[in-house]
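J.: Provided below are the primary sequence and the corresponding predicted coordinates.
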Amino acid sequence: MLITFALVVALSMAGEKMPWLATHIAIPFILLTGWWAGRLAGGLWSRGERDIKRWQVPLCWIAPASLGLLALLTLRTSIAVNYKNYDYATEFIDYAHGAPGVKWALADIAAIANHTGAGQDLKIAYDDEVSWPMTRRSRLRC
């Protein structure tokens, strides 16, 4: 519990807010949730059916159903991000992902360079309105 609190405080104060730092916060909370769910389930079943209160019975069904629903939503998001929309930044998980237009434009430029025979000597003009993937990728190819 103390480690979880310390991680939340330390990583919240850290200047770098990146997705992989969320893992360090999530794992202790996952362990605490598992411990709490085990105590809840163990307490309900160890006392016997006669001591279970009416409001606790739906909880025995709601908690696993909620976890199952969240697992299905996680599976849906994983499939959408990794297979369906892998090249487009349409999901919230893609926070720094370029669109495929840059790759298409560079492929067209390479085709023009090959067609004209200029190869790597083809001059490409662009201004400061071009986004960072274009400038970075065109430098790598030249």
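T.: Structure's in. What do you need? Residues are numbered from 1 along each chain as shown.

J.: residue ranges with poor pLDDT in the chain?
T.: 17, 43-53, 91, 94-98, 131-142 (pLDDT under 70).

J.: Tell me the buried residues in stretch 28-41?
T.: residue 28 (16 or more other Cβ atoms under 10 Å). (C-beta placed from N, C-alpha, C; glycine too.)

J.: What helix or strand is residue 112 located in?
T.: Using DSSP states H and E, residue 112 maps to helix 101-116.

J.: actually residue 16, not the one I typed
T.: Applying DSSP H and E, one finds residue 16 in no helix or strand.

J.: give me the number of residues near it?
T.: 7 (other Cβ atoms under 10 Å).

J.: Packing partners of whichever strand or helix holds residue 79?
T.: In this structure, residue 79 sits in helix 56-79 according to DSSP H and E. With contacts taken as 3 or more Cβ pairs under 8 Å, 6 or more residues apart in numbering; DSSP states H and E, helix 56-79 sits against helix 21-46.

J.: what sits against the residue most central in space within the chain?
T.: Centroid check for the chain by Cα atoms, centre = their mean gives residue 93 as the closest residue, at 4.1 Å. Shown in contact with residue 93 (Cβ atoms under 8 Å, 6 or more residues apart in numbering): 19, 77, 81.

J.: Ramachandran angles for the last one?
T.: According to degrees, to the nearest 10, the main-chain angles of residue 81 amount to phi -70, psi -40.
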